[in-house]
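> Sharing a model that was predicted from the sequence below.
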Amino acid sequence: MPLGTAVGPGLRAGWADLTATALEPNPFFGPDAVLAASRHLGGEGVSLLCVHDDADRLRVALPVCPARRYAHLPVPVLRAWQHDYSFLGTPLVSAHDPVGALGELVDFLIGERPAPWLALDLLAADGPVVAALLQALRLRGRWPTPFAPTRRAWLARRPQPTYLADTVRGTHLKELRRLRRVLSRQLGEEIATTDVAADPAGVEEFLALEAAGWKGRAATAFARRPGHDAFFRSVCTAARGQGSLQLLRLGGDGPAAAMKCNLRAGPGVFCFKIAYDEELARCSPGVLLELDNIDWFHRGDAEWMDSCADPNNEMINRLWPDRLELTTLLVPLAGARGTAAARTLPTFTRVSRRLRDRWRSVADGLTGSARR
């Protein structure tokens, strides 16, 4: 169904129930995040694919949108909807007979054939949803193409808080403890990390802190993009009401030195956004808050924490010892021709990337020669 139409209370309630009990959690595809994004970020052309059982219980929910290009190539696809703040593409799937539920979704798409392929980005490669989808496709003689593998920082619970032992040198930790003392002296007060999720003013403080830094100057902060601050407020308000919002604040009684917004979903925690006071940059408040974030994780009961960070984020990669394997699956919807075409796409993309990189090198060389 198109998201531009009203989502009735029955569907929304079923969608929320599925989000809370899904085989793999994905707060970015729940009704609160998806509908807020549709309202405030622009959701033209976005639809919600649904599979219900005989009792009208929702078994699969997947927001999708058509695209005329994919991976820099003129390839039409139907893809899971990914906006700027959607860091996981896993469909919400019921834990009861996920193979059957995903099979029904595939059958529907094959019958309707809205595009030659379905592109599912940012899937946990070793997760149960991918395993169920692969089994459902095999039963139908369909062979998806894995594409664009990547890894990002992840944290799995350990019996003891030894998360930093293998990744951060003792001298570095000693330096960070010194910087914490320097930061406390600079602020003129004792500092600590607290969770201010219960106070709506915390969200406004986060927005102001983010907008005051480089993201504000680059016009990528929530408050510098029309509608994006309303999206953030909406997501945080909904998560607060469900008890799944964590808003960590490093500082004292004065302005925050750094803040981090996390979302709890199922057995895990998703790190959503972070901001810090750039005037305190020499004290590394963002790094100090990340250390406290790991400590808060260990003192809680979550089984894992997903950084949702860029795979090349050096700071997070230095602190977080574990990795989540992510992949894209291209699911052919147009029979054997679609399968064959999907298998050629990664090759075409690699060739296209090499040509672009080579052209940039040539262009940079020409620019350098002209400057000389």
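Cool, got the structure. Numbers count the residues shown, from 1 in each chain.

> Roughly how far does residue 55 sit from residue 14?
Applying C-beta to C-beta, to the nearest Å, the value for residue 55 to residue 14 is 11 Å. Every residue, glycine included, has its C-beta placed from N, CA and C.

> repeat for residue 42
25 Å.

> Pull the contacting residues for the spatially most central residue of the chain.
Closest to where the C-alpha atoms of the chain average out (C-alpha atoms, centre = their mean) is residue 87, at 1.4 Å. Taking C-beta atoms under 8 Å, 6 or more residues apart in numbering, we find residue 87 in contact with 28, 122, 270, 272, 306, 308.

> So which of those are in strands?
122, 270, 272, 306 (DSSP state E).

> neighbours around the first one, how many?
Here the number of neighbours of residue 122 (other C-beta atoms under 10 Å) works out to 21.

> ok, now the second one?
Applying other C-beta under 10 Å, we find 23 other residues in the vicinity of residue 270.

> can I assume it is in contact with residue 262?
Yes. Counting by C-beta atoms under 8 Å, residue 270 does reach residue 262; the two are 6.6 Å apart.

> any shared contact partners between the two?
With C-beta under 8 Å, 6+ apart as the test, residue 270 and residue 262 both reach residue 305.

> residues near residue 217, how many?
Residues lying near residue 217 (other C-beta under 10 Å) number 12.

> likewise residue 252?
The number of residues near residue 252, taken as other C-beta under 10 Å, comes to 17.

> Hmm, it is touching residue 190, no?
Yes. With contact defined as C-beta under 8 Å, residue 252 reaches residue 190; the gap is 6.0 Å.

> Find residues that contact each of those two.
Joint contacts of residue 252 and residue 190 (C-beta under 8 Å, 6+ apart) are residue 184.

> returning to what we had before: now render the contacts of residue 87 as CSV, adding distance to residue 51 and pLDDT.
Shown next, in CSV, are the contacts of residue 87 (distance: C-beta to C-beta, whole Å; pLDDT from 0 to 100):
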residue, distance to residue 51, pLDDT
28, 19, 98
122, 21, 96
270, 24, 98
272, 28, 97
306, 25, 98
308, 27, 98
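
> Which parts of the stretch 101-250 of the chain are helices?
Applying DSSP state H, counting those that start in this stretch to the stretch 101-250 of the chain gives helices spanning 128-139, 170-187, 200-211, 214-217, 228-242.

> hmm, who's touching the strand or helix carrying residue 51?
Using DSSP states H and E, the element containing residue 51 is strand 47-52. Identification of contacts with strand 47-52 by C-beta under 8 Å, 6+ apart yields 1-3, 7, 11, 15, 34, 58-65, 101, 104-105, 108-109.

> what is the orientation angle of the helix or strand following that strand with strand 47-52?
Sequence order places strand 58-67 as the next helix or strand after strand 47-52, per DSSP H and E. With axes from the mean of the first three to the mean of the last three C-alpha atoms, to 10 degrees defining the directions, strand 58-67 sits at 160 degrees from strand 47-52.

> helices or strands up against the next helix or strand after strand 58-67?
Going down the chain from strand 58-67, the next helix or strand is strand 77-80, by DSSP H and E. Counting contacts by 3 or more C-beta pairs under 8 Å, 6 or more residues apart in numbering; DSSP states H and E, strand 77-80 packs against strand 58-67, strand 117-124.
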